[in-house]
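Q: When you get a sec, could you give me coordinates for this:
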Amino acid sequence: MTALLNRYFRIADGLDRADWLLPTFARFLFAASLLGYFWASAKTKLGDGFVGLFSPSTGAYAQIFPKAFEAVGYDSSKFGIFHWLVVMAGTYAEFILPALIVLGLFTRLASLGMIGFVAVQSLTDLYGHGGIQHIETLGAWFDRLPDGVILDQRGFWVLLLLTLVIKGAGPLSLDRILTLRNVLSARPASQPQ
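A: Down below sits the predicted model:
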């Protein structure tokens, strides 16, 4: 029994030292499952052609401000600069933050931004789109059903992103390259590199 316990603790100790594994896999999983989701969502918010980069689609206002959009008779021209700024910031965030996570550049900050984005997205789904009226959209924890869109699904998204906030991007990242470059450039000239 002692030999079995010793083997177990050696394996566990080795896993404790495998700091590269969790953040690297979290970024891979984000790229494999969420990158396409967020980019597809962002593309629906852009207007047509090059001008569409600065002129959001009508659907963008419907997605981000559903009740306000309904209140103005589905006429986006009745929205002001505040609404335009929010829509454009949300659209660009859906492109830029996931790209930064996949590249491993400013990963902690980008992941924190995505956690905020997911929180706002979830609140908009619940209150703006009426999801709160449909309890299956919200879901419930400890109910033996893992299919609630908000509490279950997005809870796992936040766990993945929180892993990156805490652990960073891992060794296969631009963050690591920048860190190494910063460390090497900070050494006094008398020390060998």
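Q: Helices of this protein, residue ranges please.
A: 2-16, 21-33, 35-43, 58-64, 66-71, 81-103, 107-123, 135-138, 154-167, 174-186 (DSSP state H).
Q: Compare those helices and say which comes out lowest on pLDDT.
A: Looking at these, the lowest mean pLDDT belongs to helix 135-138 (a mean of 74).
Q: Dump it to CSV, restricted to CA.
A: C-alpha atoms of helix 135-138 as CSV (Å, rounded to 0.1, in the frame of the first residue of the first chain):
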residue,chain,number,x,y,z
ILE,A,135,-36.3,29.2,-16.9
GLU,A,136,-34.6,26.7,-19.2
THR,A,137,-32.5,29.5,-20.6
LEU,A,138,-31.2,30.4,-17.2
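Q: list the helices and strands it packs on?
A: Where contact means 3 or more Cβ pairs under 8 Å, 6 or more residues apart in numbering; DSSP states H and E, helix 135-138 is not packed against any helix or strand. Every C-beta, even on glycine, is put in place using the N, C-alpha and C of the backbone.
Q: In that helix, which residues are buried?
A: Neighbour-count burial for helix 135-138 flags 137, 138 (criterion: 16 or more other Cβ atoms under 10 Å).
Q: Also stretch 105-114?
A: Those would be 105, 106, 107, 108, 110, 111, 112, 113, 114, for stretch 105-114 by 16+ other Cβ under 10 Å.
Q: Return the closest of those with respect to residue 23.
A: Distance to residue 23, by Cβ to Cβ, is smallest for residue 107 among the buried residues of stretch 105-114, at 7.8 Å.
Q: ok, that closest one touching residue 26?
A: No - with contacts defined as Cβ atoms under 8 Å, residue 107 does not count as touching residue 26, sitting 9.5 Å away.
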